[in-house]
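*Asks:* what would the 3D arrangement of this be:
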Amino acid sequence: QVQLVESGGGLVQSGGSLRLACTADDFTINYYAIAWFRQAPGQEREGVSCISRNGGITNYADSVKGRFTISRDNTKNMVFLQMNSLKSEDTAVYYCARNRIAGRLCTSLSDREYENWGQGTQVTVSS
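*Replies:* So this is what the prediction gives:
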């Protein structure tokens with residue numbers, strides 16, 4: 001099964017920034033809404049943000065609004081998550097995933113609507 005690939009995680013101090021990237025080697029993601037999720041130890045997976053196929057619609061979890069920005073570059077088959085003003089509670093493994101249906105708008109952060117999950121990238125924010 002094809003998977004997305006995440007990169008850009010790391011260790012950063014509270015208040016710092018990181019930029020995550022999501023891509024796929026074996027298929028184009030340009031026709032799909034893409035979402036970022038995260039999962040901290042002992043917690044359920046949480047939807048963070050999503051973006052429609054043309055980038056015109058974005059959606060954010062309340063916990064990251066005003067701090068995170070999702071974007072995409074369809075010429076490079078990539079989606080990005082710019083994370084600013086990071087907090088210790090942002091520490092988690094971050095995953096990207098593709099919406100199950102091509103062309104569906106980014107209206108939900110339910111993980112049941114997404115597939116082709118990557119292996120994840122660890123983000124650790126030290127206080």
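
*Asks:* what about the lengthiest strand in the chain, average pLDDT?
*Replies:* Identified as the longest strand of the chain according to DSSP state E is strand 92-99. Mean per-residue pLDDT for strand 92-99: 97.

*Asks:* what helices and strands are in contact with it?
*Replies:* With contacts defined as 3 or more CB pairs under 8 Å, 6 or more residues apart in numbering; DSSP states H and E, strand 92-99 has these neighbours: strand 5-7, strand 18-23, strand 34-39, strand 46-51, strand 78-83, strand 114-115, strand 121-126. Bear in mind the C-beta positions are built from the backbone N, C-alpha and C, glycine included.

*Asks:* list the contacts for residue 31?
*Replies:* Each residue near residue 31 by CB atoms under 8 Å, 6 or more residues apart in numbering is listed here: 53, 102-103.

*Asks:* so for this protein, the centremost residue is which one?
*Replies:* residue 36 (2.2 Å; CA atoms, centre = their mean).
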